[in-house]
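Asker: Build me a structure from this.
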Amino acid sequence: MGVRVLLPTSGLGSRIGDLTEHTNKALVRVGTKPTLSYIIESYPADAEFIVMLGHKGKLVHEFLHLAYPDRKFTYMDVEIREGNKGLLPALKLEENKLIGPFIFHACDTITQPLPREFIESETNMALGYPISGDASQYRLIRHSNGEVERIMDKGEMHSPQDLIHIGVAKFVDMALFWECLYEIVAAEPDNKSNSDTHMINAMIAKGATFKTLPAATWYDTGNVTRLEEARAAFGTDGAKFLEKVDQAVYLFEDRVIKFFAADDEVYPRVQRAQMLGDAVPKILGSTQHFFVYEKAKGTIGTGMNTVQMLAFLDWCEDTLWHVAPSVNWLRFTANCHAFYHTKTLDRLTQFRQKTGIRDSYVVINGVEVKGVYDLLGMVDWCDLAKGIPTATFHGDLHPSNILIDGGSFKLLDWRNGFGAELEVGDVYYDLAKINHGLIVSHDLVDQNLFTVDVEGHVRIDLDILRKQKLIECQQAFFAWCVDHGYSTERIDILTALIFLNIAALHHRPYDKFLYYLGQKMLSEAVR
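Answerer: This next block holds a predicted model:
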C-alpha cells in the first residue's frame, strides 16, 4: 500500500488577498499549475490522499476529479457541514478516514523532490528548511542530532541552526497521535489555530521521537510576497497568463484545464466546443466549474506575420463563419442591440462605480474628444445591429487566442455565447476582436508596456508599445476586409465599444487605459 497524505485545503487563504475570493488557495496558480498539483505530483503514483475540504471545497473536489482521475482521493468535508472547526477538531470528527501512518502536507508548501527517506521511513519525521532572511512569520524546528526537540512559536528567538518548519510532517505512532489529539481538543475545543505543530510538541512531550530532514527546495505560496517569488522561480515556459480572480488556466503536459468561478460558464462552452468542432481542441471532460481539453500544438498568434494573418482570415471564411440557416432576423438584431448597446451601458456603469471616473469632455493625446455618452448618442444602433449571422463564431478572437501550427489553426478561449444566443453570433464581432488584439497585445500588457497619464480628469496621454508585425497585420487585415466586402467603419465602432466594455473587468491602471482608448477610438469612428 502506498503512503497516505493528508491535505488540509480547508483554510480561507486570507493572506493572499482577493486571489481566494473565488477559489481555494490550493488552486491558485504557480507557474503553469496550481500549488495542489505540485504537491500531488511529488508523491508516488500509488499514494492515497485524504483531502480536507472547507473554503470553496467543491472546487477542490472538481479539480482533482478532472486533473487526476487515476489517483486515489478520500474527502473529509466535516468543516463544510459543521462550520470551520479548525484542523484538529475536524480530524477528531472524521477519525475513521485517517487510519494508519500518514504524511501531513500543508497546501501552501511546495518542496521537490521529497527525500526518499521521508517517503519510506517508518519513523515520525518533520521536514525543515534553512533560515534565510526574516523568519519571524514561521514556526521553527529546534533540533539536536537529527531529532526534533520542539517546534518553536512564531517570533521566538532562534539560532542559525534552527530550521523553518515548512508544514510537512510524518506521523507513524498513531495510538499516541490520537491520544494527544483528543487531549488537545478537550482542553481547547474552540481553538482553531492548533495544528500539526501542536501535535508534534504534544507527542514529543509524551516521549515520541521525531527525526528531522532538510528539504532540498521550499516554496511558500501562502502569502502574496512569497507567492510571487514562487511564481518567478517556476516560470511559465513562455505561456502568457492574464490574471483574473474569477478565472484560471492550468497547463499540463498534454492537457489544459480551465476554471470559471461562475456556475453558468462551463456548460455552454462545452456545448459550443461541439458546435465549433475541429476549430477548437477536443474536450476531454468537464464539471460545473472546470473543463479540460487536449493541449494543441502551435505558437500564439501575437507573433503572426501578414502571410499568416491573411491565411487565417481565409481559414475563418472557410471553416468558422458559416451562414446561419433559417435566421430569425428579429431575434438576431434584438440580440445584437442588447449585446452592443445595453451591455455597453451596463459595463460603463460598472466602470464608474469601480473607478469614480466621471463622463466628460476630455483632451486625449492633444485631441479634443466628446464625453462617452455623447459619442454613444452618435452611433446608429439600428444599423449596427444588422450584422452578419454565423452559425459558428468564436466571440473573443484576438491573436492571443489563436494557435498557429504551420498552415493550420486552432482557437482557444471561445465565448460561452453571443449575448443570449448560444448558436448564432455576428461575424463583425469576431472581426472587431481580431482588430482589438492587433491594437492591444496581451503579452505586452503583461509587461506593463503601456502608459496612461491623467491630468485633472481632462487631459489624457495614452501610449502602448506595438509590434511592427502587428501593425503590418492590421493593415493587411483591413485590406482583406475591404476586398471581402466588410465595413471597416462598423469594425472600428465595435472595436471601440469592446475597449469601453472590458475596461471595467481589468486591473488599474489598465482599466483607465482601455476606457480612454475606447473613448478616443469611438470619437474617431463616429465623427
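
Asker: what about the strands in the stretch 401-527 of the chain?
Answerer: Secondary structure of the stretch 401-527 of the chain by DSSP state E, counting those that start in this stretch: the strands cover 402-405, 408-411, 425-426, 450-455, 459-464.

Asker: now for the ones you listed, which one comes closest to residue 39?
Answerer: With Cβ to Cβ as the measure, strand 402-405 is the member of the strands of the stretch 401-527 of the chain nearest residue 39 (29.9 Å). In short, each C-beta sits where N, CA and C put it, glycine included.

Asker: Please render the strands of the stretch 401-527 of the chain as TSV that adds mean pLDDT to the earlier fields.
Answerer: Formatted as TSV, these follow (pLDDT from 0 to 100):
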stretch	mean pLDDT
strand 402-405	97
strand 408-411	97
strand 425-426	96
strand 450-455	95
strand 459-464	96
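
Asker: Among these, which comes closest to residue 159?
Answerer: Closest approach to residue 159 among those is made by strand 450-455 (49.0 Å; Cβ to Cβ).

Asker: now for the longest strand along the chain, which elements pack on it?
Answerer: In the chain, ranked by residue count with DSSP state E as the criterion, the top strand is strand 163-171. The criterion is 3 or more Cβ pairs under 8 Å, 6 or more residues apart in numbering; DSSP states H and E, and the helices and strands that strand 163-171 contacts are strand 102-105, strand 109-110, strand 125-130, strand 140-144, helix 196-205.

Asker: ok, and what's touching the first one?
Answerer: By that I understand strand 102-105. Contact with strand 102-105 is made by 3-8, 39, 50, 118, 167-171, 196, as judged by Cβ atoms under 8 Å, 6 or more residues apart in numbering.

Asker: Pick the one among these closest to residue 387.
Answerer: Using Cβ to Cβ as the measure, the one of these that approaches residue 387 most closely is residue 39, at 48.2 Å.

Asker: From what I see, the closest one and residue 108 are in contact.
Answerer: No: contact criterion Cβ atoms under 8 Å: residue 39 and residue 108 do not qualify, at 9.4 Å.

Asker: More neighbours: which of these two?
Answerer: Residue environment comparison for residue 39 versus residue 108 gives the larger neighbour count to residue 108, 28 against 24, counting by other Cβ atoms under 10 Å.

Asker: Burial check on the closest residue to residue 180 other than its chain neighbours, number of neighbours?
Answerer: Computed as Cβ to Cβ, 6 or more residues apart in numbering, the closest residue to residue 180 that is not its neighbour in sequence is residue 202, at 3.9 Å. For residue 202, the tally of surrounding residues (other Cβ under 10 Å) stands at 18.

Asker: Report pLDDT for residue 202.
Answerer: According to the prediction, residue 202 has pLDDT 98.

Asker: what about residue 510, how many neighbours?
Answerer: Other residues near residue 510 number 18, with proximity taken as other Cβ under 10 Å.

Asker: quick one: it and residue 445, what's the gap?
Answerer: When Cβ to Cβ, to the nearest Å is the yardstick, residue 510 and residue 445 sit 6 Å from each other.

Asker: In contact with residue 399, which residues?
Answerer: The neighbourhood of residue 399, defined by Cβ under 8 Å, 6+ apart, consists of 300, 301, 302, 304, 434, 437, 438, 441, 470, 473.

Asker: Is it possible to mark the buried ones in those residues?
Answerer: Among those, those classed as buried by neighbour count (16 or more other Cβ atoms under 10 Å) are 300, 301, 302, 304, 434, 437, 438, 441, 470, 473.

Asker: Hmm, residue 411 and the second one touching each other?
Answerer: It refers to residue 301. No: shown here, residue 301 and residue 411 do not form a contact pair, counting by Cβ under 8 Å, at 9.6 Å.

Asker: tell me, what's touching these two both at once?
Answerer: Here residue 301 and residue 411 share the contacting residues 401, 402, 403, scored by Cβ under 8 Å, 6+ apart.

Asker: what domains does the record give for the chain?
Answerer: In the domain annotation for the chain, the residue ranges read 4-226, 298-526 (automatic domain parsing).

Asker: Include distance to residue 250 when you put those into TSV, please.
Answerer: Output for the domains of the chain, formatted as TSV (distance: least, Cβ to Cβ, whole Å):
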stretch	distance to residue 250
domain 4-226	5
domain 298-526	14
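
Asker: looking at those domains, which is closest to residue 235?
Answerer: Set against residue 235 and scored by Cβ to Cβ, these come closest in domain 4-226, at 6.0 Å.

Asker: From the chain's centroid, how far away is that closest one?
Answerer: Its chain's average C-alpha position is 24 Å from that of domain 4-226, according to Cα atoms, centre = their mean, to the nearest Å.

Asker: One more: stretch 342-356?
Answerer: Distance, stretch centre to chain centre, for stretch 342-356: 24 Å (Cα atoms, centre = their mean).

Asker: and if you look at stretch 318-331?
Answerer: On Cα atoms, centre = their mean, the centre of stretch 318-331 falls 33 Å from that of its chain.

Asker: List the buried residues in that stretch.
Answerer: By neighbour count with 16+ other Cβ under 10 Å, stretch 318-331 contains the buried residues 320, 321, 324.

Asker: Now render those as JSON lines, adding pLDDT and distance to residue 291.
Answerer: Output for the buried residues of stretch 318-331, formatted as JSON lines (pLDDT from 0 to 100; distance: Cβ to Cβ, whole Å):
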{"residue": "320", "pLDDT": "94", "distance to residue 291": "20"}
{"residue": "321", "pLDDT": "95", "distance to residue 291": "24"}
{"residue": "324", "pLDDT": "78", "distance to residue 291": "25"}
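
Asker: Identify the residues contacting residue 130.
Answerer: Residue 130 sits next to 163, 164, 214 when contact means Cβ under 8 Å, 6+ apart.

Asker: Please identify, among those residues, the one with the most neighbours.
Answerer: The residue in the contacts of residue 130 with the most neighbours, by other Cβ under 10 Å, is residue 163 (23 neighbours).

Asker: Run through who's touching stretch 374-393.
Answerer: Stretch 374-393 is contacted from outside by 275-277, 279, 320-325, 327, 332-334, 336-337, 340-341, 344-345, 369, 415, 418, 423-430, 490, 493-494, 519, 522-523, 526, using Cβ under 8 Å, 6+ apart.
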